[in-house]
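In: For reference, the sequence and a predicted model appear below.
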Amino acid sequence: MSVRAMAWAWRQQLSGPEKLVLMALADHADEDGICWPGNAHIARKCNLSQRSVQRHIKNLIDNGYMTAHRRYRETGGQTSNRYVLNVEGVTICHGGGVTVCRGGVTPVTPL
């Protein structure tokens, strides 16, 4: 859990369910705002349907609060997405890459 990500999430002006989803993601985030919980886990944590979580995540992405990047297993199957919360210290690069000011993150194919 990142205290910085949680504090940032609390300051955002969002509807109740969207803020709840953002808070759940921030609760999983590291100090760079990066997390990769599954939608089913977030849905259980927020007491929402998986479809609602997907819709709220899409709205958060569309409104610039975060970005999502697909992740794949070695066997080629998709696993949970990696989310990057747009907290201070994280730069989102155009062209699908992610640059983190501290620590390295390998760019992956964005959604």
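Out: Looks like it came in fine.

In: what secondary structure does the residue most central in space within the chain sit in?
Out: Nearest to the mean C-alpha position of the chain, by CA atoms, centre = their mean, lies residue 83 at 2.9 Å. Assigned with DSSP: H, G, I helix; E, B strand; the rest coil, residue 83 falls in the strand class.

In: Give me the distance between it and residue 40.
Out: 15 Å (CB to CB, to the nearest Å). Every residue, glycine included, has its C-beta placed from N, CA and C.

In: do residue 82 as well
Out: 16 Å.

In: Look at those two and report which has more neighbours.
Out: The neighbour comparison of residue 82 against residue 40 (other CB atoms under 10 Å) goes to residue 82, with 19 against 11.

In: and the more buried one, what are its bridge partners?
Out: Taking DSSP bridges as the rule, residue 82 bridges to residue 69.

In: Quick one: residues contacting it.
Out: Listed by CB atoms under 8 Å, 6 or more residues apart in numbering, the contact set of residue 82 reads 34-36, 68-69, 71, 108.

In: which ones are touching residue 87?
Out: By CB under 8 Å, 6+ apart, the residues touching residue 87 are 2, 4-5, 8, 29, 33.

In: hang on, I meant residue 37
Out: Taking CB under 8 Å, 6+ apart as the contact definition, residue 37 lies against 24-25, 28, 80.

In: distance of it from residue 68?
Out: Counting by CB to CB, the gap from residue 37 to residue 68 is 12 Å.

In: Show me the shaky parts of this structure.
Out: For the chain, the stretches with pLDDT under 70 are 89-111.

In: Run through the strands of it in chain order.
Out: Here the chain has its strands, by DSSP state E, at 34-35, 66-72, 78-85, 90-92, 98-100.

In: Any idea which of the ones you listed gets closest to residue 17?
Out: Judged by CB to CB, the one of the strands of the chain that comes nearest to residue 17 is strand 66-72, at 15.5 Å.
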